[in-house]
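S.K.: I'll drop the sequence and a predicted model, then ask my questions.
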Amino acid sequence: MHAEPGSTRVGGEPILQVRDLVKHYPLTQGILIKKQIGAVKAVDGVSFDLAAGETLGIVGESGCGKSTVARMLVHLEQPTAGAIRYKGEDITKLSGRALKAVRRNIQMVFQDPYTSLNPRMTVGDIIGEPYEIHSEVAPKGDRRRKVQDLLDVVGLNPEYINRYPHQFSGGQRQRIGIARGLALNPEIIVADEPVSALDVSVQAQVVNLLDRLQAEFGLSYVFIAHDLSIVRHISDRVGVMYLGRIVEIGTDEQIYDHPTHPYTQALLSAVPVPDPMAREHRERIILHGDVPSPANPPSGCPFRTRCWKAQERCEREVPLLAVPAVFRSADTPAGHDSACHFAEEKQVVPPEGLLETPGETVVGEAVLQEKADESGREDVLGPSDAMGEDGGPPPSGSSRAG
């Protein structure tokens, strides 16, 4: 029996339902007459639900397809197959005005705050650009005030509206990107590794901002990252991706404290543990070999070529993402969806060890600091971030000036 994939722990109808999502990029040969000789299977059957007000974290190593999923959710990529249902309506089949209306409610925050902002545009123009397409949200005479309100919401001085991206620090630029994502009052924010390009202390400030905005506006997040401690801090549920598929999904407690898929266990075993005693008694799982090419994935289970549990069945059958049979009759945190024929619960990292990783400690300290001192919302500008003499944009071709 195959359960509804990635079902939420929040009651009611999910706001977003992704079913069997596929994205294959064709491989061709020839110059005048191109012939397809294969395909890169970037995403190969991803399914999950997202509830209103929930944060779903998606983790996995580089190349697993998580950013491609993000781009399909906001219609920057067209799926090869599958469905993305927003409030019950499949948005992959929409076009024109109907698609425009839906895209207003699903916005994206990009990974790199240095390249995702146009260096030739002021902050006011960057944040206000969505209003050019969705003029019904903010009439022209009201846009400047709305942009200044958004700057204030994300913790920046509204008077910065006429500055250029090069006059801000990395953390401030990401706040500008978040403000742009909020401009159209969306219900869902897809955040594609929004803190990976930032220093750890600044990561904490941005994650804390996302937490506050979610509580204030009732946002739902799809939060994509490779930092396991950051994902645990912000997520209600976590999905683990490998080679274009979700191999395990559950609540943060289920995934981090009761993992059942070998790949998840291997990822968690690599988390740094500062406590020497805890470090001595944990098992480090070393994966041998490289990740297979998505252009030529293995038959059966995609993880079998690196898995120490692999058997003949793994080569023949693709495991379904469902609660393993061994856990279906038991009321246990291990009873969550896992795509493994031989799933078994294994606590890899002591709970206190994961919670006390350096990144998590900094996040926690930043949360407490921000609650104690609201005046410290802005990132500190260093000498290189100060406004230039003419207050103008950076030299042509430079997006990281300052």
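M.R.: Nice, I can see it. Numbering: from 1, shown residues only.
S.K.: top strand in the protein by residue count?
M.R.: strand 35-50 (DSSP state E).
S.K.: quick one: buried residues of that strand?
M.R.: 39-50 (16 or more other Cβ atoms under 10 Å). C-beta here means a position set from N, CA and C on the backbone, and glycine is covered the same way.
S.K.: output it as PDB, nothing but the C-alphas.
M.R.: Provided in PDB are the C-alpha atoms of strand 35-50 (Å, rounded to 0.1, in the frame of the first residue of the first chain):
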ATOM      1  CA  LYS A  35      19.100  13.600 -32.800                       C
ATOM      2  CA  GLN A  36      18.300  12.900 -29.200                       C
ATOM      3  CA  ILE A  37      20.600  10.200 -27.800                       C
ATOM      4  CA  GLY A  38      19.500  10.300 -24.200                       C
ATOM      5  CA  ALA A  39      18.400  12.500 -21.300                       C
ATOM      6  CA  VAL A  40      19.800  14.000 -18.100                       C
ATOM      7  CA  LYS A  41      17.300  13.000 -15.500                       C
ATOM      8  CA  ALA A  42      17.600  16.000 -13.200                       C
ATOM      9  CA  VAL A  43      14.300  15.300 -11.400                       C
ATOM     10  CA  ASP A  44      12.800  11.800 -11.700                       C
ATOM     11  CA  GLY A  45       9.500  11.500  -9.900                       C
ATOM     12  CA  VAL A  46       9.400  13.900  -6.900                       C
ATOM     13  CA  SER A  47       6.200  14.000  -4.800                       C
ATOM     14  CA  PHE A  48       5.400  16.000  -1.600                       C
ATOM     15  CA  ASP A  49       2.700  18.200   0.100                       C
ATOM     16  CA  LEU A  50       3.000  21.600   1.700                       C
END
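S.K.: okay, now the domains of the chain?
M.R.: Domain assignment for the chain by the TED database gives 53-74+94-235, 259-354.
S.K.: which of those domains sits most buried?
M.R.: Most buried of those by mean neighbour count (mean count of other Cβ atoms under 10 Å) is domain 53-74+94-235; its value is a mean of 20.
S.K.: pipe the domains of the chain into TSV and attach mean pLDDT and distance to residue 18 per row.
M.R.: As requested, the domains of the chain are exported to TSV (pLDDT from 0 to 100; distance: least, Cβ to Cβ, whole Å):
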stretch	mean pLDDT	distance to residue 18
domain 53-74+94-235	93	8
domain 259-354	87	12
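S.K.: tell me which of these sits nearest to residue 86.
M.R.: When the domains of the chain are ranked by distance to residue 86, counting by Cβ to Cβ, first place goes to domain 53-74+94-235 at 5.5 Å.
S.K.: end to end on that closest one, go ahead and measure it.
M.R.: Distance across domain 53-74+94-235, first residue to last, is 11 Å (Cα to Cα, to the nearest Å).
S.K.: distance between that domain and the chain's centre?
M.R.: Taking Cα atoms, centre = their mean, to the nearest Å, the mean C-alpha location of domain 53-74+94-235 is offset from the chain mean by 12 Å.
S.K.: let the chain start at 473 from now.
M.R.: Got it, the first residue is 473 from now on, which makes the last one we talked about domain 525-546+566-707.
S.K.: thinking again about what came up before, which strands or helices does the longest strand of the chain pack on?
M.R.: Applying 3 or more Cβ pairs under 8 Å, 6 or more residues apart in numbering; DSSP states H and E, we find strand 507-522 packed against strand 488-501, helix 538-545, strand 717-723.
S.K.: hang on, residue 504 in a helix?
M.R.: No: under DSSP: H, G, I helix; E, B strand; the rest coil, residue 504 falls outside any helix and is assigned coil.
S.K.: quick revisit: which one of the buried residues of strand 507-522 is nearest to residue 694?
M.R.: Among the buried residues of strand 507-522, and counting by Cβ to Cβ, the member closest to residue 694 is residue 522, at 6.4 Å.
S.K.: identify the residue nearest that closest one in space, chain neighbours excluded?
M.R.: residue 488 (4.0 Å; Cβ to Cβ, 6 or more residues apart in numbering).
S.K.: for residue 628, same thing?
M.R.: residue 647 (5.7 Å).
S.K.: in what helix or strand does that neighbour lie?
M.R.: helix 642-654 (DSSP states H and E).
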